[in-house]
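*Asks:* The amino acid sequence is not available; the structure is as follows:
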């Protein structure tokens, strides 16, 4: 009886890779959504950062972009000539948004360190004196990241402005 069960187990183990392959094929066929088809029409993507906005819309087989700055919206049909510039604009806007979030996180970290330091100072001055080096280092690191991200944001915004002006002029 035991030998028969072991032999059946070995036979079942031979079919597991084939079964997993079939399940993978069935799942990939079932996960195709309406957006994956060629006939999809509607908004493909959008983004905004520091006053700059873009919206990509697909109708039939053409893409149209609405780009703008502080409410001044321009609609541009995507072509071979402006495709790279439009993608560069989109990338620059997304980068600006990410860098802005990095600044916010760095300054939030700095504020948390400052609040904890003030709390410890009011609670027990000896604890603050013992951990002063750690607090100063944490504050310096937070400020360094915030200043570095500020410089990166300035460069990214100049890049966005450059692409925006090239597209609208």
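*Replies:* It's in. Note that the structure is predicted; figures quoted are calculated from it, not measured.

*Asks:* longest helix of the protein?
*Replies:* helix 83-123 (DSSP state H).

*Asks:* Which strands or helices does it pack on?
*Replies:* The contact analysis (3 or more Cβ pairs under 8 Å, 6 or more residues apart in numbering; DSSP states H and E) places helix 83-123 against strand 42-49, strand 52-59, strand 62-69, helix 125-130, helix 132-168. (Each C-beta comes from the backbone N, C-alpha and C, glycine too.)

*Asks:* Listing partners with orientation, what would you give for the first one?
*Replies:* Right, strand 42-49. strand 52-59 (antiparallel) (DSSP bridges).

*Asks:* what about the strand it pairs with, average pLDDT?
*Replies:* The average pLDDT for strand 52-59 rounds to 89.

*Asks:* quick one: that strand to chain centroid distance?
*Replies:* Relative to the centre of its chain, strand 52-59 is centred 17 Å away, using Cα atoms, centre = their mean, to the nearest Å.

*Asks:* what does stretch 144-157 give?
*Replies:* With Cα atoms, centre = their mean as the basis, stretch 144-157 stands 17 Å off its chain's centre.

*Asks:* In it, which residues are buried?
*Replies:* In terms of neighbour count (16 or more other Cβ atoms under 10 Å), stretch 144-157 has its buried residues at 145-146, 149-150, 152-153, 156-157.

*Asks:* circling back to that earlier point, what is the rounded mean pLDDT of the longest helix of the chain?
*Replies:* 88.
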